[in-house]
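Asks: Return a 3D structure for these sequence lines:
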Amino acid sequence: MKKVITIILISLATAAQAQKKEALPPPPVLPIDSITNLITYEEVIELKRLTADEIYKRVADWFNTYFKNPTEVIREKNEEKKTIIGKPRFKIYNLPDKQGVKTDGGLIQYTITVTAREGRFKYELTAYNWKQTSYFACEKWYDTNLSTFNANYYEYLKQLDTTTREIVTNLKNSITIDKPIKDKDNW
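Replies: You can find the predicted model right below:
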């Protein structure tokens, strides 16, 4: 009799868990690199009118103005290869509670690499991980079979996407749009 009750309880728990998974909305679709299987945002931007040195200077200026503490973010700055690699972080938030209050969900760290070449530059944002006591790749948020899976994970993925797209837009605008130069003699 105990075995029958145990089997029934396990079946009910499994059915309840299956219903929970079905009730989830579909996860956001983020760009996944086909080779590394990591969330990766990358693009090559053409700037025919600029030299590699000019583009590299704009990239360095962007790192120094966009991040509050660029010396903590920048891990490698190679002027010869015209590459800057950084490991910045941003905050994520849990779904709002019944009163609409969003609580802290932690930090996401990622790697950003920007390389300048004659007439173009390439950016790559990848290796997203949730700052925990051990490494927790953000790609795990897609795995509904994880014992720790919760509904906040899809929200975290949405926030990752939104924040990354804002970073990319800011980077592209800073590098591609010429800044006006003030003529001190024309007054």
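Asks: ok, longest strand in this structure?
Replies: strand 104-117 (DSSP state E).
Asks: buried set for that strand?
Replies: 105, 108, 110, 111, 112, 113, 114, 115, 116 (16 or more other Cβ atoms under 10 Å). From N, CA and C alone the C-beta is placed, and that goes for glycine too.
Asks: from those residues, which is closest to residue 57?
Replies: residue 116 (8.6 Å; Cβ to Cβ).
Asks: so how far is residue 61 from that closest one?
Replies: 12 Å (Cβ to Cβ, to the nearest Å).
Asks: One more: residue 23?
Replies: 48 Å.
Asks: what's in contact with the longest helix seen in the chain?
Replies: Ranked by residue count, the top helix of the chain under DSSP state H comes out as helix 152-176. The contact list for helix 152-176 (Cβ atoms under 8 Å, 6 or more residues apart in numbering) reads 24-25, 27-28, 30, 39, 41, 43, 45, 47, 55, 58-59, 61-62, 65-66, 90, 92-95, 105, 108, 110, 112, 114, 121, 123, 125, 128, 130, 138, 141-142.
Asks: Give me the buried subset of those residues.
Replies: The buried subset of these (16+ other Cβ under 10 Å) comprises 28, 30, 39, 41, 47, 55, 58-59, 62, 92, 94, 105, 108, 110, 112, 114, 121, 123, 125, 128, 130, 138, 141-142.
Asks: which residues of this structure score low on pLDDT?
Replies: Applying pLDDT under 70 to the chain flags the ranges 1-22, 180-187.
Asks: tell me the strands in it, going along the chain?
Replies: Using DSSP E, the strands of the chain run over residues 41-46, 74-78, 83-86, 89-93, 104-117, 120-130, 136-137.
Asks: Make JSON lines from these and add distance to residue 150 to it.
Replies: Converted to JSON lines, these look like this (distance: least, Cβ to Cβ, whole Å):
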{"stretch": "strand 41-46", "distance to residue 150": "25"}
{"stretch": "strand 74-78", "distance to residue 150": "32"}
{"stretch": "strand 83-86", "distance to residue 150": "30"}
{"stretch": "strand 89-93", "distance to residue 150": "13"}
{"stretch": "strand 104-117", "distance to residue 150": "10"}
{"stretch": "strand 120-130", "distance to residue 150": "13"}
{"stretch": "strand 136-137", "distance to residue 150": "13"}
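Asks: The ones you listed: which one's closest to residue 146?
Replies: For the strands of the chain, the distance to residue 146 is smallest for strand 136-137, at 10.3 Å, taking Cβ to Cβ.
Asks: Spit out the contact partners of residue 42.
Replies: Residue 42 touches 31, 122, 123, 124, 125, 126, counting by Cβ under 8 Å, 6+ apart.
Asks: Hmm, the first one is touching residue 39, no?
Replies: Yes - counting by Cβ atoms under 8 Å, residue 39 is a contact partner of residue 31 at 6.7 Å.
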